[in-house]
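J.: Can you look at this prediction? I've put the sequence above it.
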Amino acid sequence: MASITGKKVSFEWKGPGAREVLLAADFTQWQLRAIPLVRQRTGSWKATVTLPPGRYQYRFLVDGVWCDDPECTQRAPNEFGGENCVKTVPAAAARKKSRPS
């Protein structure tokens with residue numbers, strides 16, 4: 001049986017004034033295992049995670065305040081009357097097997 005491999009996916013928050021930025025998502029059980037983003041020299045914050053193909057909902061916690069990803073164009077309603085950001089990780093394209101001539 002083939003194993004499902006993941007794809008590296010980056011999440012970025014552009015906020016040089018932030019003190020702490022966390023990635024909270026359905027794949028982190030939201031706040032339970034939120035992923036800290038690392039401050040970059042440019043002042044933005046970044047985290048890269050490996051995810052299998054699928055559709056994921058997420059938001060950022062910036063200094064304890066829920067924030068949307070302004071770069072994300074896909075949204076889904078959440079149970080609190082707001083919206084979550086959505087990132088879709090596509091399945092890897094199947095490699096074509098070359099056939100002998």
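T.: Looks like it arrived, so ask away.
J.: In terms of secondary structure, what does the longest strand anywhere in the chain contact?
T.: Secondary structure of the chain read by DSSP state E shows that its longest strand is strand 54-62. Under the contact criterion of 3 or more Cβ pairs under 8 Å, 6 or more residues apart in numbering; DSSP states H and E, strand 54-62 touches strand 7-13, strand 21-25, strand 65-67, strand 83-89. Just so you know, the C-beta spots here come from the backbone N, C-alpha and C atoms, and that holds for glycine as well.
J.: Just the angle for the second one relative to strand 7-13, thanks.
T.: Read that as strand 21-25. Interaxial angle of strand 21-25 relative to strand 7-13 (axes from the mean of the first three to the mean of the last three Cα atoms, to 10 degrees): 130 degrees.
J.: what's in contact with strand 21-25?
T.: 11, 13, 15, 30-31, 34-37, 39, 45, 47, 49, 56-63 (Cβ atoms under 8 Å, 6 or more residues apart in numbering).
J.: I'd like the next helix or strand past that strand.
T.: Counting by DSSP states H and E, the next helix or strand C-terminal to strand 21-25 is strand 35-36.
J.: Next: the third one.
T.: For strand 65-67, the following helix or strand on the C-terminal side (DSSP H and E) is strand 75-77.
J.: Adjacent strands (with direction) for that next one?
T.: Applying DSSP bridges, strand 75-77 is found paired with strand 83-89 (antiparallel).
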